[in-house]
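Enquirer: Need coordinates for the following:
(one chain, ligands or ions: 1)
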Amino acid sequence: MDYQRFFEDAVDELRRERRYRTFAEIERDAARFPHAVWHRPEGARDIVIWCSNDYLGMGCHDDVVEAMCATARQAGAGAGGTRNISGNSHAVVELERELADLHGKEAGLVFTSGYISNQTGISTLARLIPDCLVLSDALNHNSMIEGVRQAGRDKQIFRHNDLAHLEELLKAAGGRPKLVVFESVYSMDGDVAPIGAICDLAERYGAMTYLDEVHAVGMYGARGGGIAERDGVMHRVDVIEGTLGKAFGVVGGYITGRASVIDAVRSYAPGFIFTTALPPAVAAAAAASVRHLKASGAERARQHAQVAKVKRALEAAGLPQLATSTHIVPVMVGDATACKAASDLLLEEHGIYIQPINYPTVPRGTERLRITPGPFHDDALVAQLARALVDVWSRLGLPFESRAEAAE
Ligand SMILES: Cc1ncc(COP(=O)(O)O)c(C=O)c1O
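Expert: Numbers count the residues shown, from 1 in each chain. Reported below is the predicted structural model:
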């Protein structure tokens, strides 16, 4: 049996479908973020990152880096094992208190990533609720889909952000227990869920709610609690999940909710029980970041200002951006090869790094460049980005908004 051949064939299949992924080798420079060094075969080159999910640059913040270094020096590098075997590190317990407080909940539980928190959190909750029907938004992230799948419970998918469809499914389910799982900011289209209205329905039909705020925590709400905080509905959501790896700039994930719910997940979730805990240094860095963003709105304000400037610059240049009300700026290409070519040209010719987003992350025909402006993209960088995109669009013959409309 030629086992190697199976793997080669599997990868060739991706190449044939034009969805084989390559990653740029980037070395971030904490003192100059979003500037970085690109290690290419011909040698190193200075570039600007425009696609980072370290949305606020907190991964390079002095308090965060210092908390990580100081805690590692004091407590060592690793966690020493699973929490079941080695106990809770003080830093993780403090982090969980910060997170529960951030979301106004009784308790929090930290996992090694946002992916794991969704996968093991959703599957454990749904399995513990007898005869649970899971209602899941059609555009939920893969980690939530896996959580729903692993629960092995009945599931129904409601059309994206479609309240009427959700209500129809809730009503049809009758009196059985129900769990509604959804996100606040959807990361590829940058649109926002009507959280309050979903809570209205959940209350009316006796459902529990689970909200992924991965692309909102740190960035929305007076203390960075996310869209639910901004909308004044945080207290109405049963479980709020988030990541420590994006706007908080470190790594890890968590859920927050009622103490009984969190204790049940802690006690039953395999993705929590059977894996090494977050190292204390990571937990301390994440806690420093959460603490900072609770008290400081400066990063959020500056991010929102620079996002608005990027949107205006792209609009003025006639580039086909998807309108969003968030910090996510998708520029539509609509073809996998062209999307990769645009990304390559931006990097090679302009020193601008924006990873192409192709199927299966987004549906075929909606391939895009996903731009995430942050507080450290100054006005000169915004102008440079717009110029570079116009150049690449022209060279590849990609349609501009105004030109496309004129041709119709
Ligand atoms: C909506 C959503 N939830 C969860 C995750 C997983 O979070 P993490 O990167 O911390 O594993 C992602 C990751 O990109 C995401 O987009």
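
Enquirer: quick one, helices of the stretch 201-350 of the chain?
Expert: Applying DSSP state H, counting those that start in this stretch to the stretch 201-350 of the chain gives helices spanning 227-230, 259-268, 270-273, 280-295, 298-316, 336-350.

Enquirer: Pick the most deeply packed of those.
Expert: helix 280-295 (a mean of 25; mean count of other CB atoms under 10 Å). Heads up, the C-betas are built off the backbone N, CA and C, glycines and all.

Enquirer: tell me the mean pLDDT for that helix?
Expert: For helix 280-295, mean pLDDT is 98.

Enquirer: Run through the neighbouring helices and strands of it.
Expert: Packed against helix 280-295 by the contact rule (3 or more CB pairs under 8 Å, 6 or more residues apart in numbering; DSSP states H and E) you find helix 62-75, helix 90-102.

Enquirer: That helix to helix 90-102, inter-axis angle?
Expert: On the basis of axes from the mean of the first three to the mean of the last three CA atoms, to 10 degrees, helix 280-295 is oriented at 20 degrees to helix 90-102.

Enquirer: Adding distance to the ligand, write the helices of the stretch 201-350 of the chain out as JSON lines.
Expert: Converted to JSON lines, these look like this (distance: least, CB to the nearest ligand atom, whole Å):
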{"stretch": "helix 227-230", "distance to the ligand": "12"}
{"stretch": "helix 259-268", "distance to the ligand": "16"}
{"stretch": "helix 270-273", "distance to the ligand": "11"}
{"stretch": "helix 280-295", "distance to the ligand": "11"}
{"stretch": "helix 298-316", "distance to the ligand": "18"}
{"stretch": "helix 336-350", "distance to the ligand": "18"}
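
Enquirer: Ok, which of those comes nearest residue 175?
Expert: Go through the helices of the stretch 201-350 of the chain one by one with CB to CB and the one that ends up closest to residue 175 is helix 259-268, at 20.7 Å.

Enquirer: What's the nearest residue in the stretch 101-250 of the chain when you look at the ligand?
Expert: With CB to the nearest ligand atom, the shortest gap between the stretch 101-250 of the chain and the ligand falls at residue 114, namely 2.4 Å.

Enquirer: interface residues of the protein facing the ligand?
Expert: By CB under 6 Å from any ligand atom, the residues of the chain that approach the ligand are 113-115, 118, 141, 143, 183, 187, 212, 214-215, 243, 245, 253.

Enquirer: Try it again at 5 Å.
Expert: Applying CB under 5 Å from any ligand atom, one finds that the chain approaches the ligand through 113, 114, 115, 141, 143, 187, 212, 214, 243, 245, 253.

Enquirer: Appreciated, that's everything.
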